[in-house]
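Undergrad: Return atomic coordinates for the entry below.
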Amino acid sequence: ADRAKASKVKELQLWGECYGRFLGKYLIDDKKEPKHRSKNSVLVFGSEFVYLDNGQKEEKQVMLKFMSDNNSFSQEIDMREIVENSTKSGANANKYVAMARAAFTAEPELGDLPGVIYRDDFLDHVAEYEHLQLANDHPDHVIVMECGSGLDLGDIMRHQRFEGEDELDNVLDIARSIAEILSYLNDVCAIMHGGVHAGHFVSTNDGHFMIVDFTSSDVIGKGVMTQRQSSTGYLPPEQAAITCFENSPLRNVSSTDGSSMNSELQQELMILEKKLEFHKTMMDKAEPQFRPYVQASIEGIHGQIQAIENSTRQEESIPEELEASAQYDMWCFGLVLYQLCTKKHLFYVDGQGNVDLYDLVSIRDFTVRELDTKLSDNFPDEGELHTFIPLVRELLDPDPSKRPSSWESVLDMLECTI
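TA: Predicted coordinates:
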């Protein structure tokens, strides 16, 4: 690296300046966009430089997950410790989980967590990388993980087409790999992942997958579900009910007419009602070819109004508390399998996998009839993927008690698709 920095070749100079710069051990390419970014975390790829016995340095590809929220970082470390303990008892976690190689924090009190190293210069190192800065804060922690191939399932679904005679085998191989990961977490580690979606599975060099994130995880049978860190587009209906209630515009403030809506919410409804009147007027004046577009806007506004009204629940309608369960992860797995088969999301999600309030209410109130309509409309008319429909229907049952009772039965149903 020192020789490279002294070189007259500009590319070598830049390489030498970046070599192992972060914490004196990791190379982060700040020219590339982060792999994933959320409100409290950002995931980037990099290299770790390891000293061998002969004094040489070896470069290993790694993922670095930078986090700003202390609770999320502690939660992930705790869940990974449970996975580590299951490995010590004989289970092969390395096959299913992108294991942490190291973890660092700028918070002295978190330096006592298992495997975490406190660095008082952490923030100085982070400040050198503008693309690591988060929306409202700077990251105070990082977890360094195994990298796999560098592609996640979302990349594979976006850039590879599973068609032709190998379509069934490709989908089945991916589904089986993910189901085995979740079975391992639920049955061996007694952990509910709680944030299953395509971006959390990275492919390995042998064609399997590893899971990379534990910020939404909880211990099965013990964790009480409240607000989740996971993407709202992947929440099961029972969790969407809680999230709808907790995100409700209610502020325990009564309006002057005695209703439960606060002034903020009333103002929002007034704006929507004015928009609705405007579009109705437009409909009367629009040329015939433009009326379908105006009608679509009217229906969208109606939906927003309905979502707000549905979200304003009274005290007696507070959803029951939920315990972490395997059936939670089964719903999320069903969404991934549906996406693999149809190349569509069951619900409209943004780039981060989130939905707006209107669609969150739709998830909460999702019915078996709506599911059957989606399956009928969106599964390919021809081909072998129809064999997945019975399993998808069970996984995506709005009633968690009617989802499969075990991952063993899920894996058995996958084998029946052959």
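
Undergrad: make it CA atoms for all contacts and neighbour counts henceforth
TA: Fine.

Undergrad: The stretch 1-150 of the chain: strands as residue ranges?
TA: Secondary structure of the stretch 1-150 of the chain by DSSP state E, counting those that start in this stretch: the strands cover 26-28, 36-37, 41-51, 57-67, 100-105, 116-118, 141-146.

Undergrad: Next, format those strands as JSON lines and append mean pLDDT, distance to residue 171 and mean neighbour count.
TA: Compiled in JSON lines, the strands of the stretch 1-150 of the chain are given as follows (pLDDT from 0 to 100; distance: least, C-alpha to C-alpha, whole Å; neighbours: other C-alpha atoms under 10 Å):
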{"stretch": "strand 26-28", "mean pLDDT": "85", "distance to residue 171": "33", "mean neighbour count": "22"}
{"stretch": "strand 36-37", "mean pLDDT": "82", "distance to residue 171": "24", "mean neighbour count": "16"}
{"stretch": "strand 41-51", "mean pLDDT": "83", "distance to residue 171": "26", "mean neighbour count": "19"}
{"stretch": "strand 57-67", "mean pLDDT": "86", "distance to residue 171": "26", "mean neighbour count": "20"}
{"stretch": "strand 100-105", "mean pLDDT": "93", "distance to residue 171": "28", "mean neighbour count": "20"}
{"stretch": "strand 116-118", "mean pLDDT": "94", "distance to residue 171": "38", "mean neighbour count": "18"}
{"stretch": "strand 141-146", "mean pLDDT": "92", "distance to residue 171": "24", "mean neighbour count": "24"}
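
Undergrad: Can I get these in TSV including distance to residue 238?
TA: What follows is these, written out as TSV (distance: least, C-alpha to C-alpha, whole Å):
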stretch	distance to residue 238
strand 26-28	40
strand 36-37	26
strand 41-51	26
strand 57-67	28
strand 100-105	32
strand 116-118	35
strand 141-146	31
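
Undergrad: Identify whichever of the ones you listed lies nearest to residue 392.
TA: Residue 392 sits nearest to strand 36-37 of all the strands of the stretch 1-150 of the chain, at 27.4 Å, using C-alpha to C-alpha.

Undergrad: name the helices or strands packed onto that closest one?
TA: In terms of contact count using 3 or more C-alpha pairs under 8 Å, 6 or more residues apart in numbering; DSSP states H and E, strand 36-37 is assigned the packing partners strand 41-51.

Undergrad: circling back: so which of the strands of the stretch 1-150 of the chain comes closest to residue 242?
TA: Each of the strands of the stretch 1-150 of the chain has some distance to residue 242 by C-alpha to C-alpha; the shortest is strand 41-51, at 23.6 Å.

Undergrad: picking that back up, of all the strands of the stretch 1-150 of the chain, which lies closest to residue 320?
TA: Between residue 320 and the strands of the stretch 1-150 of the chain, the tightest spacing by C-alpha to C-alpha is seen for strand 41-51, at 29.8 Å.

Undergrad: okay, the angle between the closest one and strand 100-105?
TA: With axes from the mean of the first three to the mean of the last three C-alpha atoms, to 10 degrees applied, the angle from strand 41-51 to strand 100-105 works out at 110 degrees.

Undergrad: Excluding its own residues, what touches strand 41-51? List them.
TA: Where contact means C-alpha atoms under 8 Å, 6 or more residues apart in numbering, the residues beyond strand 41-51 that reach it are 20, 25-29, 33-37, 57-68, 132, 134, 139, 147, 150.

Undergrad: can you check stretch 207-219 too?
TA: Outside stretch 207-219, the residues that touch it by C-alpha under 8 Å, 6+ apart are 72-73, 75-76, 79-80, 95-99, 145, 148, 174, 177-178, 181, 190-195, 200-204, 228-230, 324.

Undergrad: Pull out the buried positions in it.
TA: Neighbour-count burial for stretch 207-219 flags 208, 209, 210, 211, 212, 213, 214, 215, 216, 217, 218, 219 (criterion: 16 or more other C-alpha atoms under 10 Å).

Undergrad: Please tell me how far the second one sits from residue 154.
TA: Residue 209 sits 12 Å away from residue 154, going by C-alpha to C-alpha, to the nearest Å.

Undergrad: go on, the fourth one?
TA: With distances taken as C-alpha to C-alpha, residue 211 is found 13 Å from residue 154.

Undergrad: now the last one
TA: Here the criterion is C-alpha to C-alpha. By it, residue 219 lies 27 Å from residue 154.

Undergrad: ok, now the first one?
TA: Residue 208 sits 14 Å away from residue 154, going by C-alpha to C-alpha.

Undergrad: now swap in the third one and tell me
TA: With distances defined as C-alpha to C-alpha, the gap from residue 210 to residue 154 amounts to 13 Å.

Undergrad: related to what we said a few turns ago, tell me which entries of the contacts of stretch 207-219 lie within helices.
TA: When helices are assigned by DSSP state H, the members of these inside them are 72, 73, 75, 76, 79, 80, 174, 177, 178, 181.

Undergrad: per-residue pLDDT, the residue nearest to the first one when sequence neighbours are not counted?
TA: Of all residues not flanking residue 72 in the chain, residue 215 sits nearest, at 5.4 Å (C-alpha to C-alpha, 6 or more residues apart in numbering). At residue 215, the model reports a pLDDT of 86.

Undergrad: can you offset everything so residue one is 772?
TA: With 772 as the first residue, the last one maps to residue 986.

Undergrad: now residue 986, what's its secondary structure?
TA: Look at residue 986: counting by DSSP: H, G, I helix; E, B strand; the rest coil, its state is coil.
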